[in-house]
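Peer 1: I'll drop the sequence and a predicted model, then ask my questions.
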Amino acid sequence: MIDIPLSLRVPPQGRYNRGIYTCYECGFEPPHYNVVPCMLGLAETPAGTMVVWECPRCGQKWMFHYGPKIPVKLTITPPSSSLTAMAIPIGV
């Protein structure tokens, strides 16, 4: 588990999509699989930390497991009209 900043914490919502960054409803695929512009935040679930994102084309919400396998600290880059987050390894 990671320490999610309150500004990035969201409730679990949407359908689970096993690490595939494609919307199965409409076929939208973000350029270079970058869902950060579509990201709503991070959610804690019994299955682990999930990235929650919304398809900009059809509005379907999706979740997939947050990737880093090492402890990280999330930092937010303000000020920005869009959500920007960066994972920094701790103690590496």
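Peer 2: Great, that's in hand.

Peer 1: gap between the closest residue in space to G48 that isn't next to it in sequence and E29?
Peer 2: Leaving out its chain neighbours, the residue that sits closest to G48 by CB to CB, 6 or more residues apart in numbering is H65, at 5.7 Å. Every C-beta, even on glycine, is put in place using the N, C-alpha and C of the backbone. According to CB to CB, to the nearest Å, H65 stands 19 Å off from E29.

Peer 1: quick one: residues contacting P56.
Peer 2: By CB atoms under 8 Å, 6 or more residues apart in numbering, the contact set of P56 is F28, P37, C38.

Peer 1: got the phi/psi numbers for G59?
Peer 2: Backbone torsions of G59, given as degrees, to the nearest 10, read phi 90, psi 0.

Peer 1: count of residues packed around it?
Peer 2: 10 (other CB atoms under 10 Å).

Peer 1: now the strands for the chain?
Peer 2: Residue ranges of the strands in the chain, as given by DSSP state E, are 15-16, 39-45, 48-54, 61-65, 72-76, 85-89.

Peer 1: can you turn the buried part of the contacts of P56 into a PyMOL selection?
Peer 2: Here is the PyMOL selection string for the buried members of the contacts of P56, based on 16 or more other CB atoms under 10 Å:
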select buried, resi 38
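
Peer 1: as CSV, the contacts of P56 with distance to L8 would be great.
Peer 2: Listed next are the contacts of P56 as CSV, based on distance: CB to CB, whole Å:
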residue, distance to L8
F28, 22
P37, 14
C38, 14
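
Peer 1: give me the subset of the contacts of P56 lying in helices.
Peer 2: Of the contacts of P56, none are assigned to helices by DSSP state H.
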